[in-house]
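K.L.:
Sequence and predicted model, in that order:
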Protein chains: 2
Amino acid sequence: MKVAVFGIGLIGGSLAIDLKKRGFASEIIGVSRTEKSANKALELGLVDKILSKEAAIAVADIIILCVPVNILVEELLFVLDRVDNQIIVDMGSTKMNIISAIHHHPKRGRFVAAHPMAGTENSGPEAAFSGLFDGKTCIICDKEDSDKDAFKAVKTLFETLNMNIKYMDAKAHDMHAAYVSHISHISSFVLASTVLEKEKDEEAILEMAAGGFESTVRLAKSSPEMWSQIFEQNKDNILEVLDTYIEKMYHFRNLINKNKFVEVADFMKKANEIKKILK
Amino acid sequence: MKVAVFGIGLIGGSLAIDLKKRGFASEIIGVSRTEKSANKALELGLVDKILSKEAAIAVADIIILCVPVNILVEELLFVLDRVDNQIIVDMGSTKMNIISAIHHHPKRGRFVAAHPMAGTENSGPEAAFSGLFDGKTCIICDKEDSDKDAFKAVKTLFETLNMNIKYMDAKAHDMHAAYVSHISHISSFVLASTVLEKEKDEEAILEMAAGGFESTVRLAKSSPEMWSQIFEQNKDNILEVLDTYIEKMYHFRNLINKNKFVEVADFMKKANEIKKILK
């Protein structure tokens, strides 16, 4: 199968490696917005060749959109307007926006909406590596709106990446993503910002980091461009969970301030219940 | 050297294993507040024998206090009142409280105040393992107030555990600990509490966890008893950093609410600077 990858960064590059290595793709065609990243992808052997969007659409059997979420709708419409029987799948972190935008498109059925829950805090073609997706979860949204053959091919694609596939509707996906993943990123960004402001002694940060800061702040190394787009597209769900977070944080602060340490311990005992879910 | 370990949980048990294995201790004497944990420590081979506090003090060359911080002062005073030339070291996460309490004690010089920055979210003798301290940082406070021979022996002890030793005064230690480590725990406990309240679908938590939630929430599995004591003892520093955190979180929320996504990205770009410190 000829596979076109639009956007050859961490996600696009990593799946290109494994789809080729594991025999799903006979050829990987890269499409890149910048010459620099196109050359890097060729140099690293992530893609077999680089083509223009139109040329890639014309020759590919399957088109994987790995572009940032703020241009995803535009890019998807561009591709949908030009496909015949090709299959298209995206990798975006929010789903409502894109699915509403193409709901009435005559080629809607050729598209499968997906969100592979994998990534690192790094980005760009250099960050790509084999095995990024192995054992992770991939969420496919509104699969009943995709043509059967398109869904089947995309399912095989994610199985090739050794992913566990789950199904949700797009609205539920965006809510769950905000309630679990997006709030984690925000708490981590705010933690980094707080520590950088309060702790002027960089050596002390390093020395104290093993006390849990290092793992809690890891997500604050993530891409600001990517995440501001995600927060924009999922604003309502994010504000809702953020307000709960702020309320709880303020409550916790007041318990400490009023020396109510039995209640502080009770609060943490309830939080401990996360152990029952994440073993 | 005969080593007495008061409190044989994760910390006490783990150092007992490595001090014996690496030849620092000829014998490990365990002191435990409960018969259950004493029996467990014997059964797991963490200690060679269990003695009463008085008997352990009488025969030990070095006494390591691994008890919870809320009884640490009391336990330290008990030991200091009974030592002759024995050496005492503690493992507590806060330092001002304990150091002020013994400042004028005639045996002050026999004591070395330490805080090894190592741990996991588990506790109890079953959680102990070899290598817990390897490569981690240990902070020794106010070393000039310890007798030279006591300091030297404790330094060798932490070197045996393969730790990197750093020096701070107790006041700076507690401030740095609040500004880096304690705030990380609070943000993680509040994150767990928020997600558990908002996200009623446990399967969705599991499916979304790979999106960064898992590492960010890890500290929320920590012991509520231990951490409420630490928050109590370090209240003033913690409230200070907590207020900065809440202020920043509220600011971030308002930027999203007002659709100021350029500023949202700028906020995260600044937070990204943590990458320069934690490679």
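P.N.:
Looks like it arrived, so ask away. Numbers count the residues shown, from 1 in each chain, chains lettered A, B, ... in the order given.
K.L.:
so how far is B:Val195 from the closest residue to chain B within the stretch 1-150 of chain A?
P.N.:
The minimum distance from the stretch 1-150 of chain A to chain B, using Cβ to the nearest Cβ, falls at A:Met117 (4.4 Å). C-beta here means a position set from N, CA and C on the backbone, and glycine is covered the same way. A:Met117 sits 15 Å away from B:Val195, taking Cβ to Cβ, to the nearest Å as the criterion.
K.L.:
And for A:Val79?
P.N.:
From A:Val79 across to B:Val195, the span is 36 Å (Cβ to Cβ).
K.L.:
If you count surrounding residues, which of these two has more?
P.N.:
With neighbours defined as other Cβ atoms under 10 Å in any protein chain shown, A:Val79 and B:Val195 compare such that B:Val195 has more, 28 against 25.
K.L.:
tell me which element that one falls in.
P.N.:
Using DSSP states H and E, B:Val195 sits in helix B:183-198.
K.L.:
Do any residues in that helix lie close to chain A?
P.N.:
Yes. Helix B:183-198 lies within reach of chain A by Cβ under 8 Å from any Cβ of the partner chain, at B:183-198.
K.L.:
what mean pLDDT does that helix have?
P.N.:
Average pLDDT, helix B:183-198: 96.
K.L.:
for the following helix or strand past it, what is the average pLDDT?
P.N.:
With elements assigned by DSSP H and E, the helix or strand that comes after helix B:183-198 is helix B:202-208. The pLDDT scores in helix B:202-208 average 88.
K.L.:
continuing past helix B:202-208, what's the next helix or strand?
P.N.:
Counting by DSSP H and E, the next helix or strand C-terminal to helix B:202-208 is helix B:213-216.
K.L.:
which other helices and strands contact that next one?
P.N.:
Here helix B:213-216 touches helix A:183-198, helix A:213-216, helix B:183-198, going by 3 or more Cβ pairs under 8 Å, 6 or more residues apart in numbering or on different chains; DSSP states H and E.
K.L.:
To A:Leu242, which of these lies closest?
P.N.:
Closest approach to A:Leu242 among those (Cβ to Cβ): helix A:183-198, 6.5 Å.
K.L.:
In chain A, mark out all the strands, start to finish.
P.N.:
Applying DSSP state E to chain A gives strands spanning A:2-6, A:27-31, A:49-50, A:62-65, A:87-90, A:111-116, A:137-141, A:164-168.
K.L.:
got CSV for the helices and strands packed on helix B:213-216, with distance to A:Asp142 too?
P.N.:
Below are the helices and strands packed on helix B:213-216 laid out as CSV (distance: least, Cβ to Cβ, whole Å):
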stretch, distance to A:Asp142
helix A:183-198, 24
helix A:213-216, 34
helix B:183-198, 23
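K.L.:
Can you say which of the ones you listed is nearest to A:Trp227?
P.N.:
Between A:Trp227 and the helices and strands packed on helix B:213-216, the tightest spacing by Cβ to Cβ is seen for helix A:183-198, at 5.9 Å.
K.L.:
which residues does the closest residue to A:Glu202 other than its chain neighbours contact?
P.N.:
Excluding the flanking residues, the one nearest A:Glu202 by Cβ to Cβ, 6 or more residues apart in numbering or on different chains is B:Ile277, at 5.3 Å. Going by Cβ atoms under 8 Å, 6 or more residues apart in numbering or on different chains, B:Ile277 touches A:Glu202, A:Ile205, A:Leu206.
K.L.:
so the last one touches B:Leu278, yeah?
P.N.:
Read it as A:Leu206. Yes. If you go by Cβ atoms under 8 Å, A:Leu206 and B:Leu278 touch, sitting 7.3 Å apart.
K.L.:
Report the separation between the most centrally placed residue in chain A and A:His185.
P.N.:
Centroid-nearest residue in chain A, with Cα atoms, centre = their mean: A:Ser93, separated by 4.3 Å. Applying Cβ to Cβ, the value for A:Ser93 to A:His185 is 10 Å.
K.L.:
same question, A:Ile11
P.N.:
16 Å.
K.L.:
Where does the stretch 51-200 of chain A get nearest to chain B, residue-wise?
P.N.:
In the stretch 51-200 of chain A, no residue comes nearer to chain B than A:Ser181, which is 3.3 Å away by Cβ to the nearest Cβ.
K.L.:
mind checking how far that residue is from A:Gly7?
P.N.:
To A:Gly7, A:Ser181 is 20 Å away according to Cβ to Cβ.
K.L.:
Same question for A:His182.
P.N.:
As judged by Cβ to Cβ, A:His182 and A:Gly7 stand 21 Å apart.
K.L.:
With A:Thr137 instead?
P.N.:
Per Cβ to Cβ, A:Thr137 is found 21 Å from A:Gly7.
K.L.:
go on, A:Ala55?
P.N.:
A:Ala55 sits 16 Å away from A:Gly7, taking Cβ to Cβ as the criterion.
K.L.:
If you count surrounding residues, which of these two has more?
P.N.:
In terms of neighbours (other Cβ under 10 Å), A:Gly7 is the more surrounded of A:Ala55 and A:Gly7; the figures are 24 against 14.
K.L.:
Spit out the contact partners of the more buried one.
P.N.:
When contacts are taken as Cβ under 8 Å, 6+ apart, A:Gly7 is in contact with A:Val31, A:Ser32, A:Arg33, A:Leu65, A:Cys66, A:Val67, A:Pro68.
K.L.:
Skipping adjacent residues, who's closest to A:Phe129 in space?
P.N.:
The shortest distance from A:Phe129 to any non-neighbouring residue, by Cβ to Cβ, 6+ apart, is to A:Ser14 (5.8 Å).
K.L.:
And for A:Lys49?
P.N.:
Spatially, and ignoring its direct neighbours in sequence, A:Lys49 is nearest to A:Ile29 (6.0 Å; Cβ to Cβ, 6+ apart).
K.L.:
Residues of the stretch 51-200 of chain A that sit close to chain B?
P.N.:
Close to chain B, as judged by Cβ under 8 Å from any Cβ, the stretch 51-200 of chain A has residues A:117-119, A:136-137, A:139, A:166, A:168, A:172, A:176-177, A:179-181, A:183-199.
K.L.:
Count the residues that sit near A:Gly211.
P.N.:
Using other Cβ under 10 Å, A:Gly211 is surrounded by 25 other residues.
K.L.:
picking that back up, just the buried residues of the contacts of B:Ile277.
P.N.:
Neighbour-count burial (16 or more other Cβ atoms under 10 Å in any protein chain shown) applied to the contacts of B:Ile277 gives A:Ile205, A:Leu206.
K.L.:
of the contacts of B:Ile277, closest to B:Asn237?
P.N.:
Set against B:Asn237, the nearest of these by Cβ to Cβ is A:Ile205 (15.1 Å).
K.L.:
show me where the stretch 1-150 of chain A has helices.
P.N.:
A:10-21, A:35-43, A:53-59, A:69-80, A:96-101, A:148-160 (DSSP state H, counting those that start in this stretch).
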